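Chemist: Sequence first, predicted model second:
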Amino acid sequence: SPALAASSTALFDSRRRQKLAARSKWIDNRGISGGTPTAEGSSKTGLMKNSDGLEYIKLVHPDTGATSEVYLLGGVVTSYVDGDGTEF
């Protein structure tokens with residue numbers, strides 16, 4: 001029924017906003033900036049989205065340039081690159 005579909009869509013959107021707020025708070029509490037350049041200016045760090053719309057957090061070490069990407073869906077680390085550029 002159309003009423004049921006509208007109701008479940010509204011609940012989904014409300015839950016999505018709650019998740020985004022919780023993730024933003026988590027990021028802010030850890031001092032991670034949301035997509036701003038690092039000291040080197042070459043990489044961005046913070047909450048990102050890939051081309052498929054999946055959210056992940058990209059971390060960049062300010063001294064070595066080592067990076068990691070952690071997807072929020074399941075907390076999966078999909079990339080780790082050390083300061084020398086070696087990806088693991």
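Modeler: Perfect, thanks for sending it.
Chemist: so where do the helices sit in this structure?
Modeler: Using DSSP state H, the helices assigned to the chain run over residues 2-29.
Chemist: need the helix or strand of it with the lowest average pLDDT.
Modeler: Every helix and strand of the chain was ranked by mean pLDDT, DSSP states H and E. The lowest is strand 36-37, at a mean of 38.
Chemist: roughly how far apart are K58 and Q18?
Modeler: According to Cβ to Cβ, to the nearest Å, K58 stands 23 Å off from Q18. C-beta here means a position set from N, CA and C on the backbone, and glycine is covered the same way.
Chemist: again, but for L59
Modeler: In terms of Cβ to Cβ, L59 sits 24 Å off from Q18.
Chemist: So for those two, which sits in the more crowded spot?
Modeler: L59 (18 against 10; other Cβ atoms under 10 Å).
Chemist: The more buried one pairs with what?
Modeler: Legend: beta-bridge partners of L59 under DSSP bridges are S68.
Chemist: which residues sit in contact with it?
Modeler: I32, T45, T67, S68, E69, V70 (Cβ atoms under 8 Å, 6 or more residues apart in numbering).
Chemist: For S51, state which of those is nearest.
Modeler: E69 (13.3 Å; Cβ to Cβ).
Chemist: okay, the residue lying closest to that closest one once chain neighbours are set aside: pLDDT?
Modeler: In space, and not counting its chain neighbours, E69 is closest to S79: 4.3 Å by Cβ to Cβ, 6 or more residues apart in numbering. pLDDT, the model's per-residue confidence, is 86 for S79.
Chemist: Surely S79 is in contact with V60?
Modeler: No - judged on Cβ atoms under 8 Å, S79 makes no contact with V60 at a distance of 11.7 Å.
Chemist: Which neighbours do the two have in common?
Modeler: Each of T67 lies in contact with both S79 and V60 under the rule Cβ under 8 Å, 6+ apart.
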